[in-house]
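Enquirer: Okay, predicted coordinates and the sequence, questions at the end:
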2 protein chains.
Amino acid sequence: MLALADATFPQAVARFADFLRIPSISTDPAHASDCRTAAQWVAGQLRELGLEAALHEVNWAPPGHPVVMGHHDEAGQPGAGDVGTATAGTGTSAGKPTLLFYGHYDVQPVDPLALWQHPPFEPTILQESDGREVMAARGASDDKGQLLTFLEALRIWQAQSGSLPCNLRILIEGEEETGGENLPFFLEAHKAQLDADLVLVCDTGMPNRTTPAVTTSLRGLVADEVTIHGADRDLHSGMYGGAAANPATLMARALATLHDANGAVTLPGFYEGVSKPTEQQLASWRGLFPDENLPLRAVGLAQPAGERGFSALEQTWARPSCDINGLSSGYEGEGFKTVLPASATAKVSFRLVAGQDPEKVRATFRAHMASHMPPDVRISFKPYGASPGFALDRDNKWLAPILEGLSAAWGTKGACIGCGASIPLAEQMKTILGLDAFLVGFAQDDDRIHSPNERYGLDSYRNGIRSWLHILHRLTQPGAAPGQGNAPAPQPR
Amino acid sequence: MLALADATFPQAVARFADFLRIPSISTDPAHASDCRTAAQWVAGQLRELGLEAALHEVNWAPPGHPVVMGHHDEAGQPGAGDVGTATAGTGTSAGKPTLLFYGHYDVQPVDPLALWQHPPFEPTILQESDGREVMAARGASDDKGQLLTFLEALRIWQAQSGSLPCNLRILIEGEEETGGENLPFFLEAHKAQLDADLVLVCDTGMPNRTTPAVTTSLRGLVADEVTIHGADRDLHSGMYGGAAANPATLMARALATLHDANGAVTLPGFYEGVSKPTEQQLASWRGLFPDENLPLRAVGLAQPAGERGFSALEQTWARPSCDINGLSSGYEGEGFKTVLPASATAKVSFRLVAGQDPEKVRATFRAHMASHMPPDVRISFKPYGASPGFALDRDNKWLAPILEGLSAAWGTKGACIGCGASIPLAEQMKTILGLDAFLVGFAQDDDRIHSPNERYGLDSYRNGIRSWLHILHRLTQPGAAPGQGNAPAPQPR
């Protein structure tokens, strides 16, 4: 199959370009019909592969761009959940899993247009200074090229074997770039059709040019707004300064107690349930990022500011954190006003790792802040989102075959990496569908997603397709291999 | 003279009402000509008393309402500064001091008009529930009634004796309510004409209904804006939270160190030069304010928040303080944005007492804040005003006769009180003219200055006039007395 993938790669690139020509900007109502065209284009691809495919309207919230659903059930293939006894990757599987694949056809706006070297919807193959070829266009990396790696792998599989590898559910949405408010409703409404054993998501990146990766942890979030109320009006700081409680001062003092001298969060029980990365995991990360402060240097900083004893990478990938996201009190305009503020407000959020209970963190935060207030001051809170951290069990049976497939495709051992942010989709798949999401993507940090001159390496595209072929083999035909292509995983020149 | 004052009080009240009918709102350009009318009215009064009087244009800054200057030099009266050897109040004066009197003819706007029980420029005598009579109108207390107490005293003196008590310089400005930007320029430009031995100011209040007072201390101010700069852009709090320095968090931590656990300011040397009130002074204040937390309760608070070991009164009247006047960082709008702010700004001010050096406080504040920053964070400062605290020397030779005069007029021992705020005029008199200002006023806390239904007690007006008569006698004719009026200082019914 890899040989066929190599042989037909030019056609795969042509289809990639076709997809990129559709300006499916989801946030701009002027491009609503383009979004529909993109959805129809994806549905057409799925039908070419032999899946049933349909557009589903989503109108729980704006903008309402259709979701593309593809469906394939093999004759005689057991349904989802019947492969529970399989030991994946060991070749003893009693059946094949049903796979749910997720991607999104919508793209970011293109402003500022003047900064684009080529028109954003006229895909252009460029050669970078190191000789690496990239497809430049809006959406090339996020997420059209990425989602096509999976569909192109299915196309090879179908062409080579005359059938698809297993039962498939394909979900390609069109609102990922606009907040995706419809998706949870859609998942809830289509639980029955989305019966699968695991979810494959292709919308993440690689830690460097050559190391494929599964993002196995994400941080959750709990956000709270706290307001301290002092006097019933702003006071003259001369008449009252020194004697009247100052909510801004009290806010600073209370917020200052949220971390100890070592940068650890002081809330009682905050670290309960937090597990440290294994030595093996840490060694792997150190191997991937010999300069762990590189991301900080890129934004004008140099020193990891978090918990002492943890690298910057650990601080964002594996440790919970507490940050002030907004502060507001008193007079904030130009000049100076000697007002003693009646109130002070802070927006505070915690990034959580798996094992922490968001609502417990919120409750301890509130109790902690309240405990620092003098008796005649009032404190109030306003809750914002709460979502737990995400972590794939290292013993999850699908993880090993996926990493093995990645390693085989790239010629470099696949890594498990973390991500400090939250990806709501991964949580929604778990909470709504009960499925583990495997975040496998081939994007690079310099793909310029959301920025002018977005690009996707043709190495990512080619090895992405190869990766899925390897992974699909290992998930559905343990012990078999997808054959050899013309080349081992190419290295950037 | 007191008998004449009593006998002619109705005419004094009528002149008061005339003055109040002029809507001299200085901040409203529509009332510019009313301000000029008020200035002319004042100049007319001065001329009736036998002073030379003129309007002086002030156009260094808007709005430019004229200053009224009155001038009187007795034939054979030694010039200002020639009474340096006098021991005031002991009757051994070798000459009379030259007095500079300050007041302002401008008034605050009247909004919201609907809340006035009587039209603000139709002065009305009302009887309060305790029987006390008040003149209700905008400007009654601030400052038309107050400044008239002095002019009416001069009128009595002139009528009784056929001359004025001493050399006089009268300065009545029209921009006190608009920031008074022209006044320092005017003082500088008219130094020669403002040659005096001391300044009498009638624009302050009494601690209660019956105790006359000199405000002998004011707090100075030093104001600084501090900004902490972290990353070169706002960061995604998921991708960077925990590892990247957060300027809002650093700001909270640094500001929290400005006070110790006892509420004292921690800057090194901050309390150098600060003297504590004498036991006698404290006893006097306790006598005036048996419930020292009353001012806090009036604004919805109950507990003094400042330095432990000092009463709320001491905290504002006699102790320096540090307050946050504004805080601003990150996302401050509705909702939540998980941004890690690139910067955080605080406006911080210190109220200073006499003996503290404002610029030294600014320098130690800046050094203290900077010392709390990690190496890769930048901190910057923007200076705002700096003025020292004001305190009359308790041994100042003019203080005793003034207090004696007040005590005689009110039948209650005159007090020395403090004020936590800054009155720029008092400082300007000292720094520009080299003169000590004696802040003697008869306003009450419930005079509603700056608010609807402003009023001035006729007891304040009557005893204010009597007070100046007593004071003028003691300053110019030590040993003599202004005679007896019909009544001792009336008590409120």
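Expert: Now that the structure is in, tell me what you want to look at.
Enquirer: is chain B contacted by the least confident helix or strand in chain A by mean pLDDT?
Expert: Per-element confidence for chain A was summarised using mean pLDDT, DSSP states H and E. The lowest value among helices and strands belongs to helix A:294-297, with a mean of 85. Yes: looking at helix A:294-297 against chain B by C-beta under 8 Å from any C-beta of the partner chain, the contacts come from A:Pro295, A:Leu296. To be clear about C-beta, it is placed using only N, CA and C from the backbone, and glycine gets the same treatment.
Enquirer: And for stretch A:383-393?
Expert: Yes: part of stretch A:383-393 sits near chain B under the criterion C-beta under 8 Å from any C-beta, namely A:Tyr384, A:Gly385.
Enquirer: got a list of contacts for that stretch?
Expert: Residues outside stretch A:383-393 that contact it (C-beta atoms under 8 Å, 6 or more residues apart in numbering or on different chains): A:214, A:216-225, A:320, A:347, A:349, A:351-359, A:362, A:399, A:416, A:422-424, A:426-427, A:430, A:436-438, B:335-336.
Enquirer: from those, which ones fall inside strands?
Expert: When these are checked against strands (DSSP state E), the matches are A:214, A:216-218, A:220-225, A:347, A:349, A:351-352, A:416, A:437-438.
Enquirer: Report the entries of these that also contact chain B.
Expert: With C-beta under 8 Å from any C-beta as the criterion, the ones in strands among the contacts of stretch A:383-393 include A:Leu221, A:Ala223, A:Glu225, A:Lys347, A:Ser349, A:Arg351 near chain B.
Enquirer: Now pLDDT too, for those, in TSV please.
Expert: Compiled in TSV, those are given as follows (pLDDT from 0 to 100):
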residue	pLDDT
A:Leu221	92
A:Ala223	94
A:Glu225	97
A:Lys347	97
A:Ser349	96
A:Arg351	96
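Enquirer: Looking at those residues, which one is closest to A:Phe270?
Expert: Ranked by distance to A:Phe270 (C-beta to C-beta), these are led by A:Arg351 at 11.8 Å.
Enquirer: Enumerate every residue touching the closest one.
Expert: A:219-221, A:320-321, A:323, A:389, A:420, A:422, B:237-238, B:241-242.
Enquirer: For the residues you listed, which two are the farthest from each other?
Expert: Spanning the widest gap among these are A:Asp323 and A:Gly389, at 15.3 Å by C-beta to C-beta.
Enquirer: what about these two, which has more around it?
Expert: The residue with the greater number of neighbours, taking A:Asp323 and A:Gly389 and applying other C-beta atoms under 10 Å in any protein chain shown, is A:Asp323; the counts read 28 against 22.
Enquirer: and that one, what is it in contact with?
Expert: A:Asp323 makes contact with A:Val348, A:Ser349, A:Phe350, A:Arg351, B:Ser237, B:Gly241, B:Gly242, B:Asn246, B:Ala248, B:Thr249, B:Leu340 under the criterion C-beta under 8 Å, 6+ apart.
Enquirer: does A:Lys397 sit in a helix or strand, and which one?
Expert: Element membership for A:Lys397 (DSSP states H and E) is empty, with no helix or strand holding it.
Enquirer: what's the distance between it and chain B?
Expert: Distance, A:Lys397 to chain B, using C-beta to the nearest C-beta, to the nearest Å: 29 Å.
Enquirer: The residue in the stretch 351-493 of chain A positioned nearest to chain B: neighbouring residues, count only.
Expert: Proximity to chain B, evaluated over the stretch 351-493 of chain A using C-beta to the nearest C-beta, is greatest for A:Ala421 at 2.9 Å. The burial metric for A:Ala421, expressed as a neighbour count using other C-beta under 10 Å, is 16.
Enquirer: Which strand residues bridge A:Ser349?
Expert: Beta-bridge partners recorded for A:Ser349 (DSSP bridges): A:Ala223, A:Asp323.
Enquirer: domains for chain A, by residue range?
Expert: Following automatic domain parsing, one finds the domains of chain A at A:2-217+A:390-476, A:220-291+A:310-386.
Enquirer: Per-residue pLDDT of the closest residue to A:Gln428 other than its chain neighbours, please?
Expert: Leaving out its chain neighbours, the residue that sits closest to A:Gln428 by C-beta to C-beta, 6 or more residues apart in numbering or on different chains is A:Pro184, at 5.3 Å. pLDDT recorded at A:Pro184 is 94.
Enquirer: most surrounded residue in the ones next to chain B among the ones in strands among the contacts of stretch A:383-393?
Expert: The residue in these with the most neighbours, by other C-beta under 10 Å, is A:Arg351 (29 neighbours).
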